[in-house]
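>>> Next come a sequence and a model predicted from it.
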Amino acid sequence: MLKSSVAALRSIVIVAGLAAGVAVAAQSPSLSMLGRLEPGQWQLRFRDGSPAQQICLKTGRELIQLRHQNSKCSRYVIEDGSDEVTVQYTCRGANYGRTSIRRETGSLAQVESQGIAGGLPFQFTAEARRTGTCR
């Protein structure tokens with residue numbers, strides 16, 4: 001009787017541990033690395049020689065959808081690391097993108113993005129650097 005009670009207790013502990021692991025895995029990623037980028041005015045310098053772009057960062061998440069800034073898109077976090085995040089997103093009208101952001105310092109990051117915007121493909125890499133306060 002004692003052996004069967006111990007075995008039952010072990011089973012309960014194992015099942016509870018697995019359930020706790022599933023609950024932790026089901027939580028949404030925080031993308032906390034983006035919050036470690038300093039808020040303010042940032043300049044994007046594109047590697048292909050396109051004109052530089054200015055952007056005001058409040059949370060760092062503005063870098064995710066640079067080609068779909070005013071679109072409401074659903075996001076799926078692929079990587080949520082301490083110094084790099086990758087997010088895939090889908091917007092209405094068959095527009096989508098996948099962006100990777102690598103933090104070098106609080107005021108310097110590397111951005112790579114590709115997808116479809118306005119029915120046309122896009123792909124770019126850029127250096128994002130904080131230049132001051134937002135205007």
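Okay, I see it.
>>> Surely Gly35 is in contact with Lys58?
No. Counting by C-beta atoms under 8 Å, Gly35 does not reach Lys58; the two are 10.2 Å apart. Any C-beta I mention is one placed from the backbone N, CA and C, and that applies to glycine too.
>>> Quick one: classify Gln69 as helix, strand or coil.
coil (DSSP: H, G, I helix; E, B strand; the rest coil).
>>> Tell me where the model's unsure across this protein.
1-29 (pLDDT under 70).
>>> residue ranges of the strands in it, please?
40-46, 53-57, 73-80, 84-91, 95-105, 108-117, 120-132 (DSSP state E).
>>> was I right about Gln41 contacting Ala128?
No. If you go by C-beta under 8 Å, Gln41 and Ala128 don't touch, sitting 11.0 Å apart.
>>> Spit out the residues that contact these two alike.
Ile55 (C-beta atoms under 8 Å, 6 or more residues apart in numbering).
>>> Could you check which of the two is surrounded by more residues?
Just comparing Gln41 and Ala128: by other C-beta atoms under 10 Å the higher neighbour count belongs to Ala128, 25 against 15.
>>> Among the strands of the chain, which comes closest to Arg67?
strand 108-117 (4.3 Å; C-beta to C-beta).
>>> from the chain's centre, how far out does the closest one sit?
Distance of strand 108-117 from the chain centroid (C-alpha atoms, centre = their mean, to the nearest Å) equals 11 Å.
>>> repeat for stretch 120-134
With C-alpha atoms, centre = their mean, you get 15 Å for stretch 120-134.
>>> likewise stretch 62-76?
10 Å.
>>> Need the distance between the two termini of that stretch.
15 Å (C-alpha to C-alpha, to the nearest Å).
>>> Which positions within that stretch qualify as buried?
Buried residues in stretch 62-76, counted by 16 or more other C-beta atoms under 10 Å: 62-68, 73, 75.
>>> Closest one to Pro51 out of those residues, please.
Using C-beta to C-beta, the buried residues of stretch 62-76 come closest to Pro51 at Leu66, 13.5 Å.
>>> Perfect, I'm done here.
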